[in-house]
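A.B. asks: Build me a model:
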Amino acid sequence: MLLINNLDLTAQGTTSSERRYLIGKEDGPDSLIYYKLAKTYVNPVLPGDHPDPTLLKVGDDFYHCGSSFHFNPYLPIYHSKDLVHWKVISRVLPPARSNMVNDKPSAGVWQGAITYFYGSYWIYFSSGGQWFSKASTPYGPWSEPVQVKTNSTTGPLGYDNSIFVDDDGKPYMVIKNMQKVNRIQALGKDGQLIDTVINLDWINAKLQYSWAEGPVMCKRNGYYYYFPAGDVSGGQYVLRASALTADSTKWERLGNFFKPSKDAANAFRSPNHIAAPVQLADGTWWTIGQSYERTGNDDWSGMGRQTSLYQVVWEGDRPWGLPPVSGPLLTPGLPQSGISWRSVYTDYFDGDDLDASWHFLNKKAAKSYSLTARKGWVRLTPDSSQTHLLQKETDHYYTAVTKLDMKATGDADKAGIYLSNGDQKVFVMLYSGFSNGRKIIFHHDSVTYSVANSFGDQVWLKLERYEHTLTAWCSGNGKKWTKIGSVNSHKLDKAQPNYNSWVGTSVGLFAEGKIADFDFFVCKDGRSNLPAIGYSNYYGVETVETGNGKMVTPANNNGGWFMLSGVELSKETDGPARKVELELMADSATSVEIFADNLDGATPIATIAIGSTDKTVASIKAGIVPVNGQHDIFVRFKPDTSKSVFIKSIRFLQ
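C.D. replies: Got it, this is the predicted structure:
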């Protein structure tokens with residue numbers, strides 16, 4: 001029996017080549033090596049709402065896009081060098097180019113199939129028909145969209161189509177419409193359909209695969225592989241043939257694509273809607289796929305369909321997706337190249353253009369902001385309804401902070417921090433407003449807290465998330481904070497009705513009734529306590545329940561580390577962070593190291609000596625190499641410290 005993360009891989013029939021990509025808490029010959037290096041990842045690599053993923057490999061670069069629905073500007077393009085770290089680099093469609101006539105969560109733009117053929121980058125998408133735009137680089141600019149023409153033989157082109165490029169460079173559209181239409185047709189150099197239709201409607205004629213949606217294709221050893229998904233709840237399947245043919249007798253149904261997961265702690269149990277698998281130079285194959293997050297009764301489906309990275313292994317010419325697991329996995333053997341872990345982007349609004357990480361929930365809001373009306377601030381100008389500026393929520397633990405300038409004089413005047421998903425009927429608002437006088441108000445569902453605004457027009461607001469508990473604070477200077485109240489956000493975080501779970505939760509800024517200016521937006525505030533259990537990646541550590549709450553400790557005597565993604569330490573003009581503070585318990589003297597962005601060959605920004613705390617939580621401060629900006633923060637334990645030191649939180653000080 002081979003147990004990794006309490007998962008019996010031998011019982012799953014995994015091969016030795018598969019097992020080397022599954023890293024757990026056990027002692028082993030590589031443990032001391034991986035303790036020193038950031039060579040593991042934990043899914044999802046694209047946390048938060050990233051549905052219907054497509055994946056493109058061009059040279060040493062990877063690009064991802066998917067459905068953006070009513071989020072606009074539509075179709076964000078993500079770039080990666082290692083399949084683990086991703087950054088938004090462009091958006092294909094401004095709101096004015098969408099052919100849909102409403103902003104419903106089920107509308108907008110679907111599919112986002114990014115591809116490369118005939119010397120150009122192309123993206124095909126569904127928006128009241130099939131369309132494409134093209135560019136010489138994924139960074140854009142992208143061309144005006146062109147509608148794909150169809151005819152009675154091809155039939156309606158539907159949605160969630162993909163593009164397959166054969167070994168000879170010839171591209172094909174993999175067509176999907178409703179439950180029973182699955183077809184393939186070649187594309188010409190003008191991007192339009194050519195040649196005859198390869199009709200595969202027999203694939204799901206008896207609804208064998210539910211909706212058989214999001215089909216993608218790849219080719220290996222002369223075989224064509226066709227991967228249809230079930231529906232949004234899960235299911236991923238695979239068929240193969242030695243030729244592109246409509247003859248059903250030439251195709252073999254291989255069954256489920258993913259091996260079953262027996263890891264009870266895994267929160268992403270039903271991955272599907274995979275991207276076409278890609279092969280790396282070392283011969284390994286990989287794909288990305290979506291799934292909702294849920295562990296037992298703890299439902300995070302409201303965050304949307306999150307995207308994870310899976311290795312694909314081959315048993316002869318039969319592909320298998322390795323099962324989702326809760327623990328760390330070995331990364332593909334690729335360079336990170338300075339891209340950070342996917343997290344909410346810190347913005348001081350100093351540039352002339354809005355960063356590509358931001359989006360809007362309706363077309364009108366996309367016209368209601370300005371970065372030039374007040375230099376170094378973003379101005380939101382509402383009309384008779386709310387306007388907003390948002391990003392996709394990526395974490396279960398964070399502290400969002402903003403500074404705003406707005407004078408509320410009536411009940412309709414509101415400006416502050418906003419969380420919502422879908423049609424915005426379930427939301428959280430922390431804002432400067434008016435209710436029998438100027439107030440700072442915190443509202444979610446049927447709960448409302450307020451305190452008198454004694455600060456004036458300029459107010460600092462802070463919203464802490466600790467899993468499903470949200471706590472609101474306000475300040476006049478960003479240093480001395482007044483607590484407003486706490487709410488349970490499970491109604492927002494769980495599965496949502498009316499397609500809202502399709503689009504996930506967004507977090508950011510809003511204004512109603514009156515113009516409001518915002519100086520900055522920080523989501524992972526490093527000057528606030530960052531719970532250690534909020535790590536996005538780790539190796540050799542575990543979360544344990546202590547008498548003083550949940551803490552992180554080494555899982556064995558070979559050392560380990562955890563990483564907190566996207567931590568904002570300070571704005572450059574405010575001066576760098578110069579100290580770090582840890583809340584911890586220790587049974588004996590030891591030390592831990594703090595790194596910014598990487599472990600591999602890096603010098604720690606701090607080495608913190610720790611003495612015994614006699615089973616009580618102590619606060620220990622140490623100087624650090626001065627650091628500005630947003631960084632992934634690594635905390636590394638020394639070997640031989642198993643269960644002797646327990647870290648509760650970390651924060652940075654100026």
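A.B. asks: Can I get stretch 286-304 in PDB? Just the C-alpha atoms.
C.D. replies: In PDB, the C-alpha atoms belonging to stretch 286-304 read as follows (Å, rounded to 0.1, in the frame of the first residue of the first chain):
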ATOM      1  CA  TRP A 286      -1.200  18.300 -18.500                       C
ATOM      2  CA  THR A 287      -4.700  19.800 -18.600                       C
ATOM      3  CA  ILE A 288      -6.800  22.200 -16.600                       C
ATOM      4  CA  GLY A 289     -10.400  21.700 -15.500                       C
ATOM      5  CA  GLN A 290     -13.200  23.300 -13.500                       C
ATOM      6  CA  SER A 291     -15.100  22.200 -10.400                       C
ATOM      7  CA  TYR A 292     -17.100  23.700  -7.500                       C
ATOM      8  CA  GLU A 293     -15.600  23.700  -4.000                       C
ATOM      9  CA  ARG A 294     -17.300  21.800  -1.200                       C
ATOM     10  CA  THR A 295     -16.000  19.900   1.800                       C
ATOM     11  CA  GLY A 296     -18.800  18.000   3.700                       C
ATOM     12  CA  ASN A 297     -21.300  20.600   4.600                       C
ATOM     13  CA  ASP A 298     -18.900  23.500   4.000                       C
ATOM     14  CA  ASP A 299     -20.200  24.800   0.600                       C
ATOM     15  CA  TRP A 300     -18.100  27.400  -1.300                       C
ATOM     16  CA  SER A 301     -19.900  26.900  -4.600                       C
ATOM     17  CA  GLY A 302     -20.900  30.600  -4.600                       C
ATOM     18  CA  MET A 303     -17.200  31.400  -5.500                       C
ATOM     19  CA  GLY A 304     -18.000  29.800  -8.900                       C
END
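A.B. asks: Tell me which residues of the longest helix anywhere in the chain come out buried.
C.D. replies: Across the chain, the longest stretch assigned as helix under DSSP state H is helix 31-36. Residues 31, 34-35 are the ones in helix 31-36 that count as buried (16 or more other C-beta atoms under 10 Å). Quick note: C-beta positions are derived from backbone N, CA and C, even for glycine.
A.B. asks: Equivalent analysis for stretch 494-502, please.
C.D. replies: Residues 494, 496, 499-502 are the ones in stretch 494-502 that count as buried (16+ other C-beta under 10 Å).
A.B. asks: which among the residues you listed gets closest to L390?
C.D. replies: Using C-beta to C-beta, N500 comes nearest to L390 of these, at 14.3 Å.
A.B. asks: Find the nearest non-adjacent residue to the closest one, please.
C.D. replies: G422 (2.4 Å; C-beta to C-beta, 6 or more residues apart in numbering).
A.B. asks: just checking, the one you found touches S506?
C.D. replies: No: G422 sits out of contact with S506 when judged by C-beta atoms under 8 Å, with a separation of 9.6 Å.
A.B. asks: picking that back up, could you report the neighbour count for the residue nearest to N500?
C.D. replies: 26 (other C-beta atoms under 10 Å).
A.B. asks: Centre of the chain to stretch 106-115, how far?
C.D. replies: For stretch 106-115, the separation from the chain centroid amounts to 17 Å (computed by C-alpha atoms, centre = their mean, to the nearest Å).
A.B. asks: typo on my end, stretch 246-260
C.D. replies: Distance of stretch 246-260 from its chain centroid, counting by C-alpha atoms, centre = their mean, is 31 Å.
A.B. asks: Can you give me the buried ones in it?
C.D. replies: Here stretch 246-260 shows 251, 254, 257-259 as buried, counting by 16+ other C-beta under 10 Å.
A.B. asks: can you check stretch 181-200 too?
C.D. replies: For stretch 181-200, a neighbour-count test (16+ other C-beta under 10 Å) marks 181-187, 191, 193, 197-200 as buried.
A.B. asks: of all those residues, which comes closest to G566?
C.D. replies: Nearest to G566 among these, counting by C-beta to C-beta, is G191 at 37.1 Å.
A.B. asks: and the nearest residue to S136 once chain neighbours are set aside, how far is that from L187?
C.D. replies: Computed as C-beta to C-beta, 6+ apart, the closest residue to S136 that is not its neighbour in sequence is S120, at 6.4 Å. Distance from S120 to L187, counting by C-beta to C-beta, to the nearest Å: 12 Å.
A.B. asks: Take the buried residues of stretch 246-260 and keep only those in strands.
C.D. replies: If you go by DSSP state E, the buried residues of stretch 246-260 have 251, 254 in strands.
A.B. asks: For the buried residues of stretch 246-260, please prepare TSV with the additional fields distance to A135 and pLDDT.
C.D. replies: Output for those, formatted as TSV (distance: C-beta to C-beta, whole Å; pLDDT from 0 to 100):
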residue	distance to A135	pLDDT
W251	35	98
L254	36	98
F257	31	98
F258	33	97
K259	37	94
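A.B. asks: ok, back up a step: surely the residue nearest to S136 and A135 touch.
C.D. replies: Yes: at 6.9 Å, S120 counts as touching A135 under the criterion of C-beta under 8 Å.
A.B. asks: Who are the contact partners of the residue nearest to N500?
C.D. replies: 105, 496, 498-503 (C-beta atoms under 8 Å, 6 or more residues apart in numbering).
A.B. asks: and these, which two are the farthest apart?
C.D. replies: N498 and V503 (10.6 Å).
A.B. asks: Across the sheet, point out what pairs with E315.
C.D. replies: For E315, the beta-bridge partners under DSSP bridges are R318.
A.B. asks: before we move on, what about Y398?
C.D. replies: Going by DSSP bridges, Y398 is paired in beta bridges with R465.
A.B. asks: For the helix or strand encompassing V451, list every residue counted as buried.
C.D. replies: Using DSSP states H and E, V451 sits in strand 447-452. Of all the residues in strand 447-452, those buried under the rule 16+ other C-beta under 10 Å are 449-451.
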